[in-house]
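Q: When you get a sec, could you give me coordinates for this:
(chains A, B, C and D)
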Protein chains: 2
Amino acid sequence: MATDRPLTAKGLATRARIVAAAADLVFHRGAAQVALADVQAAADVSGSQLYHYFTDRDDLLRAVAVHRAAELVANQGPVDTLPALRAWVEANIALIAADNAAGGCRLGSLVPQLAETDPQTRATLSTAFHDWIAHLAAGLTTMTATGVLPPTADPHRLATLLVAALEGGILLAQAQRDITPMRTALEAALDHIASLATSP
Amino acid sequence: MATDRPLTAKGLATRARIVAAAADLVFHRGAAQVALADVQAAADVSGSQLYHYFTDRDDLLRAVAVHRAAELVANQGPVDTLPALRAWVEANIALIAADNAAGGCRLGSLVPQLAETDPQTRATLSTAFHDWIAHLAAGLTTMTATGVLPPTADPHRLATLLVAALEGGILLAQAQRDITPMRTALEAALDHIASLATSP
DNA sequence: ATTTTTCTGGGTTGCTCACCCCAATACGGT
DNA sequence: ACCGTATTGGGGTGAGCAACCCAGAAAAAT
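A: Take a look at the predicted model:
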């Protein structure tokens, strides 16, 4: 019976260790290839501990999605100038290139793997993407206010293009084990935004 | 022992029925949730028949990837004018919208599910995407030749943007069960291409 | 210091699954 | 019609897995 009470600091640390271990395994192998015994070994916990903190396998995978969404939020910086936007692109490319796109996107690759199985996980992912697009749109809105982009530019439209190009680019890179399609797609998206920019 | 000899027409039909059934189940449930017994039931074959045609589970999933890639090729029409490109976008949106994005992209969603498990399946998917981008790039190249797009336009860059926006858009739509992000991403990509067009 | 609560340890269970065996039937070629 | 090959049928096996049990140790509360 998974615990519903507030956890002590120690319990929180153990739980977090389990989620981090699971997230790492899911990233490297794909969710279907990760047995709970693998997570136990990686986190150095017993089966009882695992079930102390999580109701079942799906509960753990939900926690992985939450973990990845929280990671994304933690790594968000302001993206309210074109140089900041380019830096955002480069940081994402560098992150994926470090593994030669193996494992794909830590957040995005969870969608095809878990969305059809667990509505709660899908909801978590849905919210994460919604918020991510909103965050980028806020930055682009700032750029319309500062005159970098014209008032006719649609920040939400552009932010959606950026996130879609990013996720689609990562998926192509994962298939091809080559960062180039990700870079190409994002550069083309930046081309579009730059073409709308009002100052050189 | 799966058969390596040429199959009779009847054998080919049975094998195709199995692959189609598997592809359908993988699309609706995700690969990890599809047991071989499910495929057997859906294709109305026994376990022996399944192993007569396929070495093992991975062999069958490879065949699913090949099937999906072939489907994509069969559905390709020329995309060498802006109206044809818009029609391509609308057809893809309609296809995904028909299921409210459940199951995601029939081809693209296989990448996060299978690419880390089976190098052969990943190679199949890699080739499929490479060829798809090449096909779109060929159409865009025609547009530079006909003067629709300027000679400075890079067809491969634009084609990569289109496929990435499509796949990323579908992934967002799958998470959110809403076709809007897919449409938004693709429309923004079309905006960019239209902004390069030399004729009104 | 004692009691209560939380966390951890070390297994077991039985179900599901992928895979495989043996045999029968159907089909194609001569 | 007969023979060889291809296809199909009807199971069985055991490994791996998720889930769970019982009990003890550690930590927190009184």
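
Q: Run through the residues that contact A:Asn100.
A: A:Arg177, A:Asp178, A:Ile179 (C-beta atoms under 8 Å, 6 or more residues apart in numbering or on different chains). In this view, the C-beta of every residue, glycine as well, is placed from N, C-alpha and C.

Q: wait, which of those is closest to B:Pro78?
A: Checking the contacts of A:Asn100 against B:Pro78 by C-beta to C-beta gives A:Asp178 as the nearest, at 27.4 Å.

Q: ok, the residue of chain A found nearest DNA strand C - how many residues close by?
A: With C-beta to the nearest atom of the strand, the shortest gap between chain A and DNA strand C falls at A:Gly11, namely 2.0 Å. Neighbours of A:Gly11 under the rule other C-beta atoms under 10 Å in any protein chain shown: 15.

Q: Where does it fall, secondary structure wise?
A: Using DSSP states H and E, A:Gly11 sits within helix A:9-29.

Q: Whether that helix contacts DNA strand D - can you check?
A: Yes - part of helix A:9-29 sits near DNA strand D under the criterion C-beta under 7 Å from any atom of the strand, namely A:Ala9, A:Lys10.

Q: elements contacting that helix?
A: Helices and strands touching helix A:9-29, by 3 or more C-beta pairs under 8 Å, 6 or more residues apart in numbering or on different chains; DSSP states H and E, are helix A:36-43, helix A:47-53, helix A:57-74.

Q: so where's chain A shaky on pLDDT?
A: A:1-5, A:199-200 (pLDDT under 70).

Q: what residue lies at the spatial centre of it?
A: A:Leu107 (3.3 Å; C-alpha atoms, centre = their mean).

Q: Tell me which residues touch it, please.
A: A:Ala65, A:Arg68, A:Ala69, A:Glu71, A:Leu72, A:Leu125, A:Ala128, A:Phe129.

Q: and if we set it to 7 Å?
A: By C-beta atoms under 7 Å, 6 or more residues apart in numbering or on different chains, the contact set of A:Leu107 is A:Arg68, A:Ala69, A:Leu72, A:Ala128.

Q: and what of A:Asp191?
A: For A:Asp191, the contacting residues are B:His192, by C-beta under 7 Å, 6+ apart.

Q: so is it in a helix, a strand, or just coil?
A: Assigned by DSSP: H, G, I helix; E, B strand; the rest coil, the conformation of A:Asp191 is helix.

Q: how close does it sit to DNA strand D?
A: 44 Å (C-beta to the nearest atom of the strand, to the nearest Å).

Q: Likewise for A:Pro6?
A: 9 Å.

Q: now swap in A:Ala165 and tell me
A: For A:Ala165, the distance to DNA strand D - C-beta to the nearest atom of the strand - is 34 Å.

Q: how close does that residue sit to chain B?
A: According to C-beta to the nearest C-beta, to the nearest Å, A:Ala165 and chain B sit 5 Å apart.

Q: Chain A against DNA strand D: which residues are in contact?
A: Residues of chain A lying close to DNA strand D (C-beta under 7 Å from any atom of the strand) are A:8-10, A:34-37, A:47-48, A:50-51, A:56-58.

Q: Quick one: buried ones out of these?
A: Buried members of these, scored by 16 or more other C-beta atoms under 10 Å in any protein chain shown, are A:Val34, A:Leu36, A:Leu50, A:Tyr51, A:Arg57.

Q: can you tell me which two in those residues are farthest apart?
A: A:Val34 and A:Tyr51 (16.2 Å).

Q: Tell me the helices and strands packed up against the longest helix along chain A.
A: Ranked by residue count, the top helix of chain A under DSSP state H comes out as helix A:119-145. Contacts defined by 3 or more C-beta pairs under 7 Å, 6 or more residues apart in numbering or on different chains; DSSP states H and E place helix A:119-145 against helix A:57-74, helix A:110-114, helix A:155-176, helix B:155-176.

Q: TSV please, covering the ones you listed and showing distance to A:Ala145.
A: Below are the helices and strands packed on helix A:119-145 laid out as TSV (distance: least, C-beta to C-beta, whole Å):
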stretch	distance to A:Ala145
helix A:57-74	23
helix A:110-114	33
helix A:155-176	10
helix B:155-176	26
